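> Below is the structure, and that's it, no one-letter string:
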């Protein structure tokens, strides 16, 4: 081959090489984002984002179903007419305005926020402790709220906002007790949030065990109080213990919205350090994450989310437990927004079934929403345990 031929081949390769590089760069640009801090490319998981959007759309659809359908149906034009009249002080539709604005709409709004709060709380605990069983239902926080609320109802004859305040205080108090016990084990250096990955796992297991033990004691306390109450007071306490949206109102929805306006941004701020914390305490500390502070902040935010949701509707069973694993399986990754949407879906669907479908099947009996979620959670817990055993085998 002559020199002119070699030069011609070189020119051909030179013309094609940049084109191939441009194609590679274009594909990488289409499928990745470049971080400003490191210059490394991070893959964009489009399917997960799309599935999270699907969950958000499902929440909107189910919210509309809860408001428009059921025992009293409302057309879409009538709904907007009623809403506009309520906001502008116009002429109200007799009966329909009250049903929509004072019953259906505050109930759906409250159910959406309560489900989202429980979903976020469960996902935060499960992600931080790397354990699918770590939810407010299992580790005793919901039982703390229940014990305080039943005490207020049975002993002091409280009702309404006082019961909600007692539930909030009980959840926070029990959470502080569980956290203190988990930090003060015999292995002092293994306090929650300090040390390496093994110590963090040990402290997380201790937190769960402490929560289970305290939950058992509080359950016995609630049972004792129920046996000492008269039949009417016991019935009121039992309705609250099962979790119900029957007492939903704009006042409670407003208080819950104010709480979420603080807690949701706090959750978003913790999402990044929490994902790094999943790599292990040693790795997270090496990457600059303040492990102890992050764990404490996650516990505080998760407990506050569970506490305000429980104070608003009672301990709606298994929502916090179900939301995280379902969202993870649906989106193929741990996702706090997806967990919030799944929690809202569970509460809205369970409440619609309890208020509209259950009476048709049970001769007019209206179930509390917690009864339906509890019926869903028990088989899911067994299924989760079975699948975990298969993976370990």
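Perfect, thanks for sending it. From a predicted model like this one, the values you see are computed outputs, not experimental measurements. Numbering: from 1, shown residues only.

> from here on, contacts and neighbour counts on C-alpha atoms
Will do.

> C-terminal to the longest helix belonging to the chain, what's the next element?
Longest helix in the chain by number of residues (criterion: DSSP state H): helix 197-228. Reading on from helix 197-228 to the C-terminus, the next helix or strand found by DSSP states H and E is helix 231-242.

> That following helix to helix 197-228, inter-axis angle?
160 degrees (axes from the mean of the first three to the mean of the last three Cα atoms, to 10 degrees).

> Pull out the buried residues from helix 231-242.
Across helix 231-242, burial judged by 16 or more other Cα atoms under 10 Å covers 233-234, 237, 239-242.

> for stretch 172-187, same thing?
172-179, 181-183, 185.

> Equivalent analysis for stretch 357-365, please.
Those would be 357-358, for stretch 357-365 by 16+ other Cα under 10 Å.

> thinking again about what came up before, export the buried residues of helix 231-242 as CSV, with columns for distance to residue 273 and pLDDT.
Shown next, in CSV, are these (distance: Cα to Cα, whole Å; pLDDT from 0 to 100):
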residue, distance to residue 273, pLDDT
233, 46, 88
234, 45, 88
237, 40, 87
239, 39, 82
240, 36, 84
241, 35, 88
242, 35, 87
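
> Serialize the residues you listed to JSON lines and add fields for distance to residue 95.
Shown next, in JSON lines, are the buried residues of helix 231-242 (distance: Cα to Cα, whole Å):
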{"residue": "233", "distance to residue 95": "31"}
{"residue": "234", "distance to residue 95": "33"}
{"residue": "237", "distance to residue 95": "31"}
{"residue": "239", "distance to residue 95": "27"}
{"residue": "240", "distance to residue 95": "28"}
{"residue": "241", "distance to residue 95": "31"}
{"residue": "242", "distance to residue 95": "30"}
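
> Can you tell me which of those lies closest to residue 143?
For those, the residue nearest residue 143 by Cα to Cα is residue 241; the value is 9.3 Å.

> wait, isn't that closest one in contact with residue 314?
Yes: look at residue 241 against residue 314 with Cα atoms under 8 Å: they come within range, at 6.0 Å.

> Mutual contacts of these two, please.
Shared contacts of residue 241 and residue 314 (Cα atoms under 8 Å, 6 or more residues apart in numbering): residue 146.

> now the longest helix of the chain: mean pLDDT?
For helix 197-228, mean pLDDT is 80.

> try stretch 311-331
Across stretch 311-331, the average pLDDT comes to 90.

> Equivalent analysis for stretch 155-162, please.
pLDDT averaged over stretch 155-162 gives 84.

> next one: stretch 335-343
The model assigns stretch 335-343 a mean pLDDT of 95.

> 733 is where my numbering starts, stick with that
Understood, numbering begins at 733; the last thing we discussed is stretch 1067-1075.

> got the contact list for it?
Contacts to stretch 1067-1075, defined as Cα under 8 Å, 6+ apart, come from residues 784, 787-788, 791, 847-852, 855-856, 1003, 1051-1052, 1054-1056, 1058-1060, 1063.

> So which of these sit within helices?
Among the contacts of stretch 1067-1075, the members found in helices (DSSP H) are 784, 787-788, 791, 847-852, 855-856, 1003, 1051-1052, 1054-1056, 1058-1060, 1063.

> Residue 1096 is in contact with residue 1090, isn't it?
Yes: Residue 1096 is within contact range of residue 1090, at 7.5 Å (criterion: Cα under 8 Å).

> Give the residues shared as contacts by the two.
Joint contacts of residue 1096 and residue 1090 (Cα under 8 Å, 6+ apart) do not exist.

> re the thing from before, can you tell me which of the buried residues of helix 963-974 is nearest residue 1028?
Among the buried residues of helix 963-974, residue 973 lies closest to residue 1028 (Cα to Cα), at 28.4 Å.

> contacting residues for the closest one?
Residue 973 makes contact with 878, 882, 1046-1047 under the criterion Cα under 8 Å, 6+ apart.

> measure the residue nearest in space to the middle of the chain to residue 1096 for me?
In the chain, the residue lying closest to the centroid (Cα atoms, centre = their mean) is residue 851, at 1.0 Å. Residue 851 sits 30 Å away from residue 1096 when distances are taken as Cα to Cα, to the nearest Å.

> can you check residue 862 too?
According to Cα to Cα, residue 862 and residue 1096 sit 43 Å apart.

> swap in residue 809?
Residue 809 is 30 Å from residue 1096, by Cα to Cα.

> Also residue 901?
Residue 901 is 36 Å from residue 1096, where distance means Cα to Cα.

> And for residue 1078?
Per Cα to Cα, residue 1078 is found 22 Å from residue 1096.

> and if you look at residue 978?
Counting by Cα to Cα, the gap from residue 978 to residue 1096 is 16 Å.

> Excluding sequence neighbours, find me the nearest residue to residue 938.
Of all residues not flanking residue 938 in the chain, residue 914 sits nearest, at 5.3 Å (Cα to Cα, 6 or more residues apart in numbering).

> Okay, and the one you found sits in which element?
Secondary structure (DSSP H and E) places residue 914 in helix 893-915.

> what angle sits between that helix and helix 929-960?
Angle between the axes of helix 893-915 and helix 929-960 is 140 degrees (criterion: the same axes, to 10 degrees).

> ok, which stretches of this protein are strands?
Secondary structure of the chain by DSSP state E: the strands cover 764-766, 773-775.

> And the average pLDDT for the first one is what?
What that stands for is strand 764-766. 43.

> do the same with the last one
Averaged across strand 773-775, the pLDDT comes to 41.

> And the helices in the stretch 733-882 of the chain, which stretches?
Applying DSSP state H, counting those that start in this stretch to the stretch 733-882 of the chain gives helices spanning 735-763, 778-800, 808-820, 828-831, 837-861, 873-886.

> how distant is the fifth one from the center of its chain?
Just to be clear, that refers to helix 837-861. Centre-to-centre, helix 837-861 and its host chain are 4 Å apart (Cα atoms, centre = their mean, to the nearest Å).

> Direction-wise, compare it with helix 929-960 and give the angle.
Using the same axes, to 10 degrees: helix 837-861 against helix 929-960 is 140 degrees.

> Which strands or helices does helix 837-861 pack on?
Judged by 3 or more Cα pairs under 8 Å, 6 or more residues apart in numbering; DSSP states H and E, the packing partners of helix 837-861 are helix 778-800, helix 929-960, helix 982-1009, helix 1023-1045, helix 1051-1063, helix 1068-1084.
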